[in-house]
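K.L.:
compute the structure for the input listed below.
(one chain, ligands or ions: 1)
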Amino acid sequence: MSIVVGGGTGFVGKHFAKLGISKGFKIINVSRTAKPNCITWNDLSRSGLPDDCAAVVSLSGEPILQPFKWWTPEMKLKIRESRIDKVKLLNQAICAAPKPPGVFVSISGVGYYKPDAHKEYTESDIVEPFDFLSEVTRDWEAAAVLPSNVKTRLVVVRSGVVLGNDGGMVANIKTPFYFGLGGPIGSGKQWLPWIYVEDTVGIIMHAIENEHITGILNGTAPNPVTSEEFTKAYASALRRPHLFPMPAFVAKAVFGAEAAGVLLEGQKVLPKRTLEMGYTFKYTDIKWVCEKLVSS
Ligand SMILES: NC(=O)c1ccc[n+]([C@@H]2O[C@H](COP(=O)([O-])OP(=O)(O)OC[C@H]3O[C@@H](n4cnc5c(N)ncnc54)[C@H](OP(=O)(O)O)[C@@H]3O)[C@@H](O)[C@H]2O)c1
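P.N.:
Next up is the predicted model:
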């Protein structure tokens, strides 16, 4: 059986492919460009899903935090379209399939929840959009919703910051931290809703393999930490000092004031429903994860 993965060529997708292949699935990535083991978005629209498609997974998205790529109107359009338009294409392919897959797993983000120093968010919290990213997230999740006559299950994984040595946030900070130039970001007191990449792909696979699961699952580790607890643990695992803070004005100069909010503010997000749905996290301790990040 095959799993079709939109945006599967990226950081999370590569880990997902490894897990999927180990379980005997054939992974077919959908990409903007033709490459081995990939079809293009045009191929998908033209030829549809393969007959043996067991699941569709959506992982596409222009990265939201890139140094010196501020959220200009053009960048905002890219952030929106790379998510929402690609989810719509997968949704349409599922609707058009003569034999629709059993499940559609679509990733989104904890940007859905409004940053707050004290509130604990779970999947049952309904939050009205309050900024650009939360509007994108609402529309991203809505674009995945299938018409009621389609029997494919929908699971949305609202992901926290995915930690892994080969992509995402860690790939961006590892050089300065390696050279002993790391430290807290902003006040350091903001929540960092983190998850180790093997658990991100573990939750996606759990949703595929368990037919009772539908709806929202928070993709965040059960033990949230503050941003400073993470940067301290990471510097310590690297055996480097944690001395050089990145003040808010530097974050704003590098990422632009609006995007820097993602680093400078955070939400405490708990995976209540993910646990209730039977997922067992492998990585729950940030110190242990940081040791793994530097040794892998
Ligand atoms: N990493 C995190 O910390 C994190 C946290 C929360 C949510 N997420 C979400 O999880 C998903 C996977 O994350 P990731 O870190 O694996 O992402 P990634 O590696 O940055 O990107 C995934 C794929 O998206 C496609 N893509 C990138 N820019 C695009 C654009 N402008 N238009 C269309 N497609 C584009 C690329 O595929 P092709 O080049 O093959 O087309 C890329 O391989 C993303 O939707 C991301 O927003 C990630």
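K.L.:
stretch 146-164 close to the ligand?
P.N.:
Yes - among the residues of stretch 146-164, 159, 161-162 lie within reach of the ligand under C-beta under 6 Å from any ligand atom. Any C-beta I mention is one placed from the backbone N, CA and C, and that applies to glycine too.
K.L.:
contacting residues for whatever residue of the stretch 1-150 of the chain ends up closest to the ligand?
P.N.:
Closest to the ligand within the stretch 1-150 of the chain is G10: 2.2 Å, counting by C-beta to the nearest ligand atom. With contact set as C-beta atoms under 8 Å, 6 or more residues apart in numbering, G10 has these partners: 59, 167.
K.L.:
then V170?
P.N.:
By C-beta under 8 Å, 6+ apart, the neighbours of V170 are 163-164, 234, 293.
K.L.:
over to S2?
P.N.:
Contacts for S2 were tallied using C-beta under 8 Å, 6+ apart; they are 25-28, 50, 52-54.
K.L.:
buried subset of the residues you listed as a ChimeraX selection?
P.N.:
Restricted to buried positions by 16 or more other C-beta atoms under 10 Å, the ChimeraX selection for these reads:
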select :25,27,28,50,53,54
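K.L.:
which of the residues of stretch 146-164 next to the ligand sits closest to K35?
P.N.:
Using C-beta to C-beta, V162 is the member of the residues of stretch 146-164 next to the ligand that lies nearest K35, at 22.5 Å.
K.L.:
which residues does that closest one contact?
P.N.:
Counted by C-beta under 8 Å, 6+ apart, V162 has contacts 11-12, 168-169, 194-197, 200.
K.L.:
of those residues, which belong to helices?
P.N.:
Using DSSP state H, 11-12, 168-169, 197, 200 are the members of the contacts of V162 that sit in helices.
K.L.:
G20 falls within a strand, correct?
P.N.:
No - with DSSP: H, G, I helix; E, B strand; the rest coil as the criterion, G20 is helix rather than part of a strand.
K.L.:
thought E209 was touching it, still the case?
P.N.:
No - if you go by C-beta atoms under 8 Å, G20 and E209 don't touch, sitting 10.8 Å apart.
K.L.:
looking at those two, which is more packed in?
P.N.:
G20 (25 against 13; other C-beta atoms under 10 Å).
K.L.:
and that one, how far from N165?
P.N.:
20 Å (C-beta to C-beta, to the nearest Å).
K.L.:
same thing with S295?
P.N.:
9 Å.
K.L.:
higher neighbour count, the two?
P.N.:
For S295 and N165, the more surrounded residue by other C-beta under 10 Å is N165, and the numbers stand at 14 against 8.
K.L.:
tell me if the more buried one really is in a helix.
P.N.:
No - under three-state DSSP, N165 falls outside any helix and is assigned coil.
K.L.:
now L264. Nearest residue, chain neighbours left out?
P.N.:
Spatial nearest neighbour of L264, chain neighbours left out: G186 (4.1 Å); criterion: C-beta to C-beta, 6 or more residues apart in numbering.
K.L.:
for the one you found, give me its contacts.
P.N.:
Taking C-beta under 8 Å, 6+ apart as the test, what G186 contacts is 227, 246-248, 251, 263-264.
K.L.:
picking that back up, need the pLDDT of the residue of the stretch 1-150 of the chain closest to the ligand.
P.N.:
We have a pLDDT of 97 for G10.
K.L.:
show me what from the chain comes close to the ligand.
P.N.:
With C-beta under 6 Å from any ligand atom as the criterion, the chain meets the ligand at residues 7, 9-13, 31-32, 59-63, 78, 82-83, 86, 107, 109, 159, 161-162, 167-169.
K.L.:
quick check: the farthest pair among the contacts of V170?
P.N.:
Largest separation among the contacts of V170 by C-beta to C-beta: G164 and Y234, giving 12.7 Å.
K.L.:
quick one: the helices in the chain, in order.
P.N.:
Under DSSP H, the chain gives helices at 11-22, 41-47, 73-96, 132-144, 168-178, 197-209, 227-237, 248-255, 257-264, 272-276, 286-295.
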